[in-house]
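Colleague: Dropping the sequence and predicted coords here.
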Amino acid sequence: MPSTPPSNWVLVTSDRLSLDTVTTWAARANCGAVVTFSGVVRDNSSAREGVIALEYETSTELAEKRIHEVMDEARVRWPALEAVAIHHRIGRVELSDATVIVAVSSPHRDDAFDAARYCIDTLKVSVPMWKREIWEGGSAWSEDASPILNAQDQ
């Protein structure tokens, strides 16, 4: 965790994500709201039951650039935002482990809720991230892909 928290914190990593660390980082004395979202691996998908893990692949440099674009656009739409963090796992992620964490703080809850929702929804369609579903005896790339869009188009 950074020693002096900047207002944005982007992380694309194969390391385990910590919701507690991100939530603590996002808290600010002048903010009454910290909204977090944590996406975790579940045991099913639209295509199958019995999923035991997911595997994510991306260009880290490109993913970080696109995540910054999502944050920049969120700050245009909600200028009162203080802290914005978006962390995404790459590599293999086991059942119930976090694949993505979004945290947003602002003086008031409406901005924090709206911005957090925008960040996760826009991340899903604007950051190139390939997901492989793994089950006992096999694996396949997820069929839940969508075209890559710009953050401003959301």
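Modeller: The structure has been received and is ready for your questions.

Colleague: could you give the mean pLDDT of stretch 98-109?
Modeller: For stretch 98-109, the mean per-residue pLDDT is 97.

Colleague: buried ones in that stretch?
Modeller: Going by neighbour count (16 or more other CB atoms under 10 Å), the buried part of stretch 98-109 is Ala98, Thr99, Val100, Ile101, Val102, Ala103, Val104, Ser105, Ser106. In short, each C-beta sits where N, CA and C put it, glycine included.

Colleague: Which strand or helix spans Arg75?
Modeller: Element membership of Arg75 [criterion: DSSP states H and E] is helix 60-77.

Colleague: quick one: secondary structure of the spatially most central residue of the chain?
Modeller: Compute the mean C-alpha point of the chain, and by CA atoms, centre = their mean the closest residue is Val100, 3.8 Å away. Following DSSP: H, G, I helix; E, B strand; the rest coil, we place Val100 in the strand state.

Colleague: swap in the one 10 residues further on?
Modeller: In terms of secondary structure, Asp110 is helix; the call rests on three-state DSSP.

Colleague: re the thing from before, which helices and strands sit right next to the helix holding Arg75?
Modeller: strand 8-13, strand 84-89, helix 109-126 (3 or more CB pairs under 8 Å, 6 or more residues apart in numbering; DSSP states H and E).

Colleague: I'd say Ala115 and Ala80 touch.
Modeller: No: counting by CB atoms under 8 Å, Ala115 does not reach Ala80; the two are 9.1 Å apart.

Colleague: where does the chain dip in pLDDT?
Modeller: Along the chain, segments meeting pLDDT under 70 span 1-6, 143-149, 151, 154.

Colleague: Would you mind listing the buried residues in stretch 105-124?
Modeller: Per 16+ other CB under 10 Å, stretch 105-124 contains these buried residues: 105-106, 111-112, 114-116, 118-120, 122-124.
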